[in-house]
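A.B. asks: starting from these lines, generate the structure:
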Amino acid sequence: MKSISRRVFLQSSSMIAGGALLPSMKGTGQALRLGGPIFLKTEDPVELAKEHRRLGYSAAYVPKVELKETDRIAALRKAFAAENVMIAEVGAWVNMLDADAQKRKKNLDYVTERLALAEEIGALTCIDIAGSYNPKSWDGPDARNLTKEFFEATVENCRKVIDAVKPKSAKFSLEMMGWSLPNDADSCLRFIKAIDRSAFAAHVDIANIINSPERFYNNTALINDTFKKLGKWIVSCHAKDVVGKDVHFAETMPGRGGMDYVAYLRNVTALPRPVPLMLEHLRTPEEYDEARGYVMKVAKETQIPLA
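C.D. replies: Predicted coordinates for the structure are as follows:
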């Protein structure tokens with residue numbers, strides 16, 4: 001009897017569990033906007049935009065720029081638009097729930113400035129995590145990260161940031177996490193309802209919420225459910241993978257884990273508007289080459305065109 005690979009077994013098992021919810025096998029209405037970091041050493045906006053295109057990217061993380069650099073912001077907008085490269089995200093990776101009041105205020109001011117930058121440069125979203133009550137790690141686990149106190153404090157923080165900027169096009173979003181809220185589509189929906197701001201949107205990182213054997217082995221159903229519930233609010237997605245080792249889960253690059261990337265790409269491109277899928281957390285150009293090649297291969301096999 002011919003053996004099957006572990007990856008094929010995992011994907012086939014998860015597709016059986018969640019396959020009924022999958023979008024059509026054929027290509028969907030949206031082309032895939034894939035993006036990721038680049039390693040070209042230049043500050044020139046045109047060269048940066050062209051390097052994204054050379055790599056096959058049609059989405060980008062915001063290049064290095066500050067809100068006060070109005071001329072550079074304008075040049076970046078023009079250069080990236082000319083190459084049809086969408087500026088997907090402005091990261092604001094700080095702890096909005098820091099226990100130190102001065103640090104917390106400083107962090108919130110920074111997040112506010114980053115959302116303002118997203119608005120000025122034409123990015124889809126400014127993204128942060130809600131934060132953490134962990135006293136040693138800004139994004140670490142803590143039992144209080146799942147409490148009503150955490151939820152209400154995060155709602156207040158998000159409202160403050162959005163109300164200070166009042167963006168017309170850019171959205172503010174929270175990354176899903178395995179050890180704090182939001183940790184699934186339902187908790188993200190709770191935030192959307194409670195924050196009650198049109199400028200608050202959903203960001204999807206499926207790898208971050210695969211935190212149990214049930215979610216790992218049934219990740220096709222998890223992907224489909226997440227997009228079904230959050231679809232109208234999703235503005236950006238991250239592309240990673242998850243592998244099981246002993247009793248732990250570890251993040252890895254797309255193609256080296258057990259995530260159903262066929263389901264992921266179908267759902268991303270089935271959304272009613274272009275939503276970027278951004279590679280992250282790899283170390284070298286070679287690792288990004290491998291991850292990018294895998295996602296492009298799955299897209300081709302699934303008849304999904306690249307933007």
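A.B. asks: which residues of this protein fall in helices?
C.D. replies: Using DSSP state H, the helices assigned to the chain run over residues 6-18, 45-54, 70-82, 101-121, 148-165, 185-195, 206-209, 213-217, 219-230, 261-269, 285-301.
A.B. asks: looking at the ones you listed, which is buried most?
C.D. replies: For these, average neighbour numbers computed from mean count of other C-beta atoms under 10 Å are highest in helix 261-269, which has a mean of 25. C-beta here means a position set from N, CA and C on the backbone, and glycine is covered the same way.
A.B. asks: from the chain's centre, how far out does that helix sit?
C.D. replies: Remark: helix 261-269 is offset 14 Å from the chain centroid, using C-alpha atoms, centre = their mean, to the nearest Å.
A.B. asks: circling back: out of the helices of the chain, flag the one nearest residue 90.
C.D. replies: The minimum distance between residue 90 and the helices of the chain falls on helix 101-121, with 4.1 Å, by C-beta to C-beta.
A.B. asks: can I get the helices of the chain in a markdown table including mean pLDDT?
C.D. replies: Formatted as a markdown table, the entries for the helices of the chain read as follows, by pLDDT from 0 to 100:
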| stretch | mean pLDDT |
| --- | --- |
| helix 6-18 | 40 |
| helix 45-54 | 98 |
| helix 70-82 | 98 |
| helix 101-121 | 98 |
| helix 148-165 | 98 |
| helix 185-195 | 98 |
| helix 206-209 | 97 |
| helix 213-217 | 96 |
| helix 219-230 | 98 |
| helix 261-269 | 98 |
| helix 285-301 | 98 |
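A.B. asks: distance to residue 279 added to the ones you listed, as a markdown table?
C.D. replies: A markdown table is the format used below for the helices of the chain (distance: least, C-beta to C-beta, whole Å):
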| stretch | distance to residue 279 |
| --- | --- |
| helix 6-18 | 19 |
| helix 45-54 | 12 |
| helix 70-82 | 17 |
| helix 101-121 | 20 |
| helix 148-165 | 26 |
| helix 185-195 | 22 |
| helix 206-209 | 11 |
| helix 213-217 | 21 |
| helix 219-230 | 17 |
| helix 261-269 | 12 |
| helix 285-301 | 5 |
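A.B. asks: so what's the spatially closest residue to residue 51 that is not a sequence neighbour up against?
C.D. replies: Setting aside the residues directly before and after it, residue 51 is nearest to residue 40 in space (C-beta to C-beta, 6 or more residues apart in numbering), at 4.4 Å. Taking C-beta atoms under 8 Å, 6 or more residues apart in numbering as the definition of contact, the neighbours of residue 40 are 47-48, 51.
A.B. asks: go on, residue 232?
C.D. replies: When contacts are taken as C-beta under 8 Å, 6+ apart, residue 232 is in contact with residue 272.
A.B. asks: and the pLDDT at the closest residue to residue 35 other than its chain neighbours?
C.D. replies: The shortest distance from residue 35 to any residue other than its chain neighbours is 3.1 Å, reached at residue 59 (C-beta to C-beta, 6+ apart). Looking at residue 59, its pLDDT is 98.
A.B. asks: residue 59 bridge partners, please.
C.D. replies: Judged by DSSP bridges, the bridge partners of residue 59 are residue 35, residue 86.
A.B. asks: wait, it sits on residue 31?
C.D. replies: No: under the criterion of C-beta atoms under 8 Å, residue 59 lies out of contact with residue 31, with a separation of 11.1 Å.
A.B. asks: between these two, who's got more neighbours?
C.D. replies: Regarding residue 59 and residue 31, a neighbour count based on other C-beta atoms under 10 Å identifies residue 59 as having more, with 25 against 15.
A.B. asks: for residue 70, see how far away residue 88 is.
C.D. replies: In this structure, residue 88 and residue 70 are separated by 21 Å, where distance is defined by C-beta to C-beta, to the nearest Å.
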